[in-house]
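Q: quick one: sequence plus predicted model below, questions after.
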Amino acid sequence: MARKTAAVFGTILGGTGLVLLLSPYPLDGPARATMTAQEYVGSCPNNATQYRGSGRTISCTCSASDTRSGNVWGTDTYTDDSKICRAAVHAGVIGSSGGRVTFQITTGRASYPATSRNGVSTSSYGSWSGSYRFVSGGSSSGSGSGSGSSSSSSAGQVADIWNSYSCSFTDKSPLRLSSRARLDRVELWRNWPGGESSTAYQLVNSSGQTVHRGTLSRMSCDTYQNAWCVARDRPRVTLPAGRYSVRVPSGRICQNQSSSGQGFIRAWASAASGSSSAPNVSACPSNATSMRGTGRTLRCSCSGSATRSGTVWGTNTYTDDSKICRAAVHAGVIGSGGGIVTLRAVSGQSSYQASSRNGVSSTSYGNWSGSYRFVQ
């Protein structure tokens, strides 16, 4: 679709089912956004072959069952016959519980690389005639309106500053919690320096105190300007009601024009009660060797300090002597501040793949007698 500048934030086209939204894809430097026609079609189709060559942007909803199976080819850009909801989990825009996703139809590619992410392994493929990419995230409670507000209840989406006519760089994004809540997911829109795949951040309260430190990972990128990508973390930290800011030392967050540092942010939280240390849940053991061969499921609590060290072998499926809390950060189920995790003992594997995720680098290994995986 041709790029057009516009000075509107969105309008509903009466009777057409279309909503005009400004895409958060600014140019390097003082930026202008593009205007995209986004159509909501209800439940997601199995794949996107029916839209091939249209350049359309489609929004739809994935059920939990739709995320559990189906073939996916590619990474970030997927063949248009890939299962949409399964690919959305791989891309990190929703979890296995489903949610609303938005994808854009793009041209075919000469090749599609395979990777394993978020419990989904994709396949590689050669030349194919049509593709799609996810252009915004969702949540289990549905996607936000993109209205530019930054407050909400203690459950669901609690921040949504994302659409803008133009932007410049800032090093912070605002967040307000109206009640005590567990901050489950944070996304910023950031211009990434070449070769950088993650960056540290701090969550700072209104008194200037750092209440959480974590690592933002580079996720889905703009189709046309691949330095502009979502920066995401899943802190899973419980916070009292109040005003906060997410701060990135190197900056480069897109901010709304003349907004005094209100960087683009989307955040989701869930209602919290009791202590964030979850006294009714036992602390996680160092590893899962005691569960080998049992098929048992264990729910346990990781402290912040337990996430900071320990050796991890594998990706998604880990050797059972891997440090549980460190592996949980690698898998993206908790942030460096700790939290509650659930893991299941599974059979040993003939090999374990190394990767770097969320500030943790795992190691490869050959045959091992026992494994575990994190479950929702």
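A: That came in fine, so what should we check first? This one's a predicted model, so the numbers in the text were calculated from it and none came from an experiment.
Q: ok now the host helix or strand of Gln104, how far from the chain's centre?
A: Assigned by DSSP states H and E, Gln104 belongs to strand 99-107. In terms of CA atoms, centre = their mean, to the nearest Å, the centre of strand 99-107 is found 15 Å from the chain centre.
Q: helices or strands up against it?
A: Judged by 3 or more CB pairs under 8 Å, 6 or more residues apart in numbering; DSSP states H and E, strand 99-107 is in contact with strand 57-62, helix 84-91, strand 130-136. In this view, the C-beta of every residue, glycine as well, is placed from N, C-alpha and C.
Q: dump these to a markdown table, plus mean pLDDT and mean neighbour count.
A: Below are those laid out as a markdown table (pLDDT from 0 to 100; neighbours: other CB atoms under 10 Å):
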| stretch | mean pLDDT | mean neighbour count |
| --- | --- | --- |
| strand 57-62 | 84 | 22 |
| helix 84-91 | 90 | 26 |
| strand 130-136 | 82 | 23 |
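Q: in stretch 325-345, what counts as buried?
A: For stretch 325-345, a neighbour-count test (16 or more other CB atoms under 10 Å) marks 325-341, 343-345 as buried.
Q: could you dump the helices and strands packed on strand 99-107 to TSV with distance to Ser305?
A: Output for the helices and strands packed on strand 99-107, formatted as TSV (distance: least, CB to CB, whole Å):
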stretch	distance to Ser305
strand 57-62	36
helix 84-91	30
strand 130-136	35
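Q: of the ones you listed, which is nearest Thr223?
A: Counting by CB to CB, Thr223 lies closest to strand 130-136 out of the helices and strands packed on strand 99-107; the figure is 5.7 Å.
Q: what does the closest one contact?
A: 23-24, 36, 48-49, 51-53, 57, 74, 76-80, 82, 84, 87-88, 91, 93, 101-109, 112, 143, 162, 220, 223 (CB atoms under 8 Å, 6 or more residues apart in numbering).
Q: moving C-terminal from it, which element do we reach first?
A: Counting by DSSP H and E, what follows strand 130-136 is strand 156-161.
Q: tell me which other helices or strands that following strand touches.
A: Counting by 3+ CB pairs under 8 Å, 6+ apart, strand 156-161 packs on strand 172-177, strand 265-271.
Q: would you convert those strands into CSV that also reports mean pLDDT and mean neighbour count?
A: Shown next, in CSV, are those (pLDDT from 0 to 100; neighbours: other CB under 10 Å):
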stretch, mean pLDDT, mean neighbour count
strand 172-177, 87, 22
strand 265-271, 82, 23
